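Peer 1: Got a predicted model here, sequence first, then my questions.
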Amino acid sequence: MFTEAIEKILADLCTPARVRAVENGDGALALWRALEDGGFLQLLTPESQDGAGLSLAALFPVLLAFGRHALPVPAAQSIAARALMQGCSQQPPAGMLSLAGSSHSDAEGGVCVPRLAYGMLAGHVLVNRGGDLLLLDCSLARREPVGVHASQCATLYWPRDAVGTPLGSNGEAVRLFAAAIHAASMAGAMERVLDMTLAYCNDRIQFGKAIGKFQAVQHQLSVMAEQVAASRMAAELAFASEQAVPAMIPVAIAKARTSMAVPRVTATAHALFGAIGVTEELDLQLFTRRLHEWRVSEGSETWWNGQVGQALLAQPHMTACEFVRHVTESTIA
């Protein structure tokens, strides 16, 4: 029910033209209010607190839809932030919330969050500061755009007097949720890129027939489809838990696998589109730009593969297949 409703809203309001407008600094508020008024920011909030009380598994298709439409506002992060703040002494603030899975302190006691997702738009951010949970007001920070064309990421700096006291000790949950959200978003965006590429290959005529009929092109499409399917399965695993927060190893596998697929999927798509594939006018770049950005956000495949490797080496009597099977079974159980 929620997935169909959000798909309809995104199809109507989150068009490529609207995404471009938001990237140029216009139209984000109207899109945000449509999601907020529809109650979609409370999907993980318990029913006793006027939320939908969805499980992580039920939320996953919604996050896929966000990725498929290149949603240019931090709706997924805001949904998770409101869930993570349950039980805190402070209520979640109104407006756009983002998540920062890592941060570092400067010599004066201030806080820096590098490459914050939607850092140019967010009003507040939940920050993991060495395991502590901080809620920081972005209006009190100095924002520095990352410099990438049309990127909504930014590095934010808070002075010491704007940091405040921790809300709790569940800061690591922010890292897990943020990484899982990026994995789901990448899986959805790659599905959209595959659909666009298939449609183009079926429409583009060369030497009297659609280029999708050529065996060499079909081979590239099949490899691309394998990468997309594997990414979706890995991302779905991260949200298979019955717990309130995605589990560490499934998240690590999901973020690593989806990040690993990005270079191959995006390169193949741009190659099959040919010369038009590199143009700003083509909607393809709305997704491939985000995919490259999300790939490194909250840790690239190198970092997350390292986490999986360390967990495997900590169990020397377990084979890799047993390890993966154990992770899968314990997550779903």
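Peer 2: Sure, I can see it. Residues are numbered from 1 along each chain as shown.
Peer 1: Please tell me how far the residue of the chain most remote from its centre sits from residue 275.
Peer 2: Relative to the centre of the chain, and counting by CA atoms, centre = their mean, the farthest-placed residue is residue 208 at 40.9 Å. Separation of residue 208 from residue 275 (CB to CB, to the nearest Å) stands at 20 Å. Heads up, the C-betas are built off the backbone N, CA and C, glycines and all.
Peer 1: can you check residue 141 too?
Peer 2: The value you get for residue 141 to residue 275, if CB to CB is used, is 41 Å.
Peer 1: Next: residue 169.
Peer 2: Distance from residue 169 to residue 275, by CB to CB: 53 Å.
Peer 1: now swap in residue 321 and tell me
Peer 2: Where residue 275 is concerned, residue 321 sits at a distance of 44 Å (CB to CB).
Peer 1: Residue 253: neighbour count?
Peer 2: 25 (other CB atoms under 10 Å).
Peer 1: just checking, it touches residue 235?
Peer 2: No - with contact defined as CB atoms under 8 Å, residue 253 does not reach residue 235; the gap is 9.4 Å.
Peer 1: picking up where we left off before, now do the contacts for the residue farthest from the centre of the chain.
Peer 2: Residue 208 sits next to no residue when contact means CB atoms under 8 Å, 6 or more residues apart in numbering.
Peer 1: Distance check, it against residue 218.
Peer 2: For residue 208, the distance to residue 218 - CB to CB - is 17 Å.
Peer 1: what's the answer for residue 35, then?
Peer 2: In terms of CB to CB, residue 35 sits 39 Å off from residue 218.
Peer 1: Check residue 121 too.
Peer 2: 41 Å.
Peer 1: same question, residue 297
Peer 2: 33 Å.
Peer 1: Counting neighbours, go ahead and name the busier of the two.
Peer 2: Using other CB under 10 Å as the criterion, residue 297 and residue 218 rank with residue 297 on top: 22 against 13.
Peer 1: Pretty sure that one sits against residue 117.
Peer 2: Yes - with contact defined as CB under 8 Å, residue 297 counts as touching residue 117 (5.8 Å).
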